[in-house]
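[1] Dropping a prediction and its sequence here:
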Amino acid sequence: MKSTLELQEQLRTASFALPAALFMAATFALPLAAVAWQSFLSADGAHLSGFAYGKMLSTPLFFLVTATTLQISFGAMCFSLLLAYPTAYFLSRQPPRRRAFLMVFVLVPFWTSILVKSFAFTILLGQSGVVNQLLAAVGLGPIKLLFNRFGVMVGMSHFLVPFMIFPILTSLLKQPPELAKAAAIMGAGKFRIFWKVTLPLSVPGVTAGCLLVFILSLGFYVVPALLGGRKDMMLANLVDFYTREAMVWPVASAIAVVLTTVAVAAALALSRVPGGSSLLAGEDD
Amino acid sequence: MAVNGVAVAFLGFLVLPSLIVVVISFGDSNQIVFPPKGFSFNLFRRLLAEEGWISSAWLSFRVALAASALALVLGVPAAYALSRGRFPGRRWLALFLLSPIMVPHVVIALALYVYFVELGLSNGMLRLVLAHGVATVPFVIVTANAGLRQIDPSLERVARVMGAGRFTVLRKVTLPLLKPAMVAGGLFAFLISFDEVVISLFVARAGYTTLPVKMFSSIQFEVSPVLAAISTMLTALSVAVCILAARLQPNAST
């Protein structure tokens, strides 16, 4: 008797999620399923065929862009890690009030529009931009910093660094300070404490941050379109090309299927890292 | 120490681009010059005078308002079910509702572009609001979920024991306590929608150019100095949302 009542209560609580579930089914799951379906259609969309995947696999452009995407994503991940770790380490050593203040420097860029940042970098890195003016002042000629791989890397890393700082900072703050103190008492120097205690214990945060940044960078569209050159097209830009310019939707869909598969695989890997699922969803730990 | 210097330099690198744009936007010329020659509101005046910027901003504002309202109406009850319910399949439901976070925006954009064509959905406003809903509902669920976790469930239980019905508890106990998290979630949803480029680029119909879409094509083709003024206003909006959200949730840093 009690259990039926409990079940009723549970179902009633569950029903609160019904509107959101219906909405997501109708405007997210179904459209995605349509894309998957469309990737198996012929060029005119009339009948089922392996046309799109065949076309994708026989086009050198696809492999070129996939290679570019992986290179840029991996590069941006490494670059962001290099920038984020010292920053997170520094932030973790600050007293709480000052840390809260310094976090503004991370949070404001985090919430700034990617278009504002891209525009800022066209001003900073352009042929007669701020950086090149500075270089000219010390007698160095203008360097091409924009519409090439360098521009994409700078723009993407700038966007991604906060996503790397959050998980690393969390894992650094979780370390009990007694560990470092104990190591110091046992005679370890500052560098040795960092190398033997702090760094190994922050590996889960680093792994989580790297995976999160990698997932995010796979889908980049705006930065390669605005700051990159012709050779810096990423998969997202290729999807756009086949959707709105070449208008071969099955091929666009096939590329989207590949892109989603890689992103979801990386997300699943992330959910297995300690603290990773909270980065994706905020669920549990 | 060396690390401190490096870290401070990196923090500077994070805010520098926005700062330079803000400084340029108050410059006294109609070109992009740094350092600017004087101080004026010329670029802001041009922004008001030039065709299309204000109407795009107004469209973005309406879309963001509707999308965040939709996200709150759908997301808050869903977060309640996920955090208070103990029903089978709860984890799968959570995974499903939050999955748009993991899928690249360009894929969502393509999917909705194709889907809306198939459905024959031609209402430009509705297309944008539904599409932005997909991107914002998960964020409201995450924020509301975090808020619900900070509320002591025994408060709700006490109210039930004292004879309050389920909806009375919701109305008198849970929702008032959840208000800060809901406002923060709504603000973030608003900002996400207001800044959204890729999905809007695919889904928007002619005559429904949102501000980010107009900015995107402007940066791509002509780099107008008016962009500096718009960027300054967008940055101010982000800062305002951050400050408001931080005031509402003293315990959460992100």
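    Happy to help now that I have it. Numbers count the residues shown, from 1 in each chain, chains lettered A, B, ... in the order given.
[2] For A:His158, give its distance to B:Asn42.
    Here A:His158 is placed at a distance of 28 Å from B:Asn42 (C-beta to C-beta, to the nearest Å). Using the backbone N, CA and C atoms, a C-beta is placed for each residue, glycine as well.
[3] residues contacting residue 164?
    The chain I'm using is chain A. Taking C-beta atoms under 8 Å, 6 or more residues apart in numbering or on different chains as the contact definition, A:Met164 lies against A:Ser80, A:Leu81, A:Leu83, A:Ala84, A:Tyr85, A:Ala88, A:Gly209, A:Cys210, A:Leu212, A:Val213.
[4] I was after chain B.
    Each residue near B:Ala164 by C-beta under 8 Å, 6+ apart is listed here: B:Lys172, B:Val173.
[5] what about it, distance to chain A?
    15 Å (C-beta to the nearest C-beta, to the nearest Å).
[6] How many residues are close by B:Ala236?
    Here the number of neighbours of B:Ala236 (other C-beta atoms under 10 Å in any protein chain shown) works out to 11.
[7] List the contacts of it.
    Per C-beta under 8 Å, 6+ apart, neighbours of B:Ala236: none.
[8] Output the helix or strand harbouring it in PDB, but only the C-alpha positions, please.
    In this structure, B:Ala236 sits in helix B:226-248 according to DSSP states H and E. Only the C-alpha atoms of helix B:226-248 are listed here, as PDB (Å, rounded to 0.1, in the frame of the first residue of the first chain):
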ATOM      1  CA  VAL B 226      30.900  51.200 -35.200                       C
ATOM      2  CA  LEU B 227      31.600  47.600 -34.100                       C
ATOM      3  CA  ALA B 228      33.800  49.000 -31.400                       C
ATOM      4  CA  ALA B 229      30.800  50.900 -29.900                       C
ATOM      5  CA  ILE B 230      28.600  47.800 -30.100                       C
ATOM      6  CA  SER B 231      31.300  45.600 -28.600                       C
ATOM      7  CA  THR B 232      31.600  48.100 -25.700                       C
ATOM      8  CA  MET B 233      27.800  47.800 -25.100                       C
ATOM      9  CA  LEU B 234      27.900  44.000 -25.300                       C
ATOM     10  CA  THR B 235      30.800  43.900 -22.900                       C
ATOM     11  CA  ALA B 236      28.900  46.200 -20.500                       C
ATOM     12  CA  LEU B 237      25.900  43.800 -20.700                       C
ATOM     13  CA  SER B 238      28.100  40.800 -19.900                       C
ATOM     14  CA  VAL B 239      29.700  42.600 -16.900                       C
ATOM     15  CA  ALA B 240      26.200  43.700 -15.700                       C
ATOM     16  CA  VAL B 241      24.900  40.100 -15.900                       C
ATOM     17  CA  CYS B 242      28.000  38.700 -14.100                       C
ATOM     18  CA  ILE B 243      27.600  41.300 -11.300                       C
ATOM     19  CA  LEU B 244      23.900  40.700 -10.900                       C
ATOM     20  CA  ALA B 245      24.400  36.900 -10.900                       C
ATOM     21  CA  ALA B 246      27.300  37.100  -8.400                       C
ATOM     22  CA  ARG B 247      25.100  39.200  -6.100                       C
ATOM     23  CA  LEU B 248      22.300  36.700  -6.300                       C
END
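[9] How many residues are close by the closest residue to B:Leu148 other than its chain neighbours?
    Using C-beta to C-beta, 6 or more residues apart in numbering or on different chains and skipping residues adjacent in sequence, the residue nearest B:Leu148 is B:Ser83, 4.3 Å away. Using other C-beta under 10 Å, the number of residues around B:Ser83 comes to 20.
[10] swap in A:Ala120?
    26.
[11] Pretty sure B:Phe87 sits against A:Gln8.
    No - here B:Phe87 does not reach A:Gln8: they are 10.9 Å apart, not a contact under C-beta atoms under 8 Å.
[12] Now do the closest residue to chain A within the stretch 101-250 of chain B, the pLDDT please.
    Across the stretch 101-250 of chain B, the shortest distance to chain A (C-beta to the nearest C-beta) belongs to B:Pro104, at 2.6 Å. Looking at B:Pro104, its pLDDT is 95.
[13] was I right about it contacting A:Asp240?
    No - B:Pro104 is beyond contact range of A:Asp240, at 11.6 Å (criterion: C-beta under 8 Å).
[14] which ones are touching whatever residue of the stretch 101-250 of chain A ends up closest to chain B?
    Using C-beta to the nearest C-beta, the closest approach of the stretch 101-250 of chain A to chain B is made by A:Gly219 at 2.6 Å. By C-beta under 8 Å, 6+ apart, A:Gly219 lies in contact with A:Leu235, A:Ala236, A:Leu259, A:Ala263, B:Pro104, B:His105, B:Val106, B:Val107.
[15] among these, which ones are buried?
    Neighbour counting with 16 or more other C-beta atoms under 10 Å in any protein chain shown marks A:Leu235, A:Ala236, A:Leu259, A:Ala263, B:Pro104, B:His105, B:Val106, B:Val107 as buried within those.
[16] Compute the inter-axis angle for the longest helix along chain B and helix B:226-248.
    Identified as the longest helix of chain B according to DSSP state H is helix B:53-84. Going by axes from the mean of the first three to the mean of the last three C-alpha atoms, to 10 degrees, helix B:53-84 is angled at 30 degrees with respect to helix B:226-248.
[17] Give me the secondary structure label for the most centrally placed residue in chain A.
    By C-alpha atoms, centre = their mean, chain A has its centre lying nearest to A:Leu216, at 2.0 Å. When classified by DSSP: H, G, I helix; E, B strand; the rest coil, A:Leu216 comes out as helix.
[18] I'm done for today, thanks for sticking with me.
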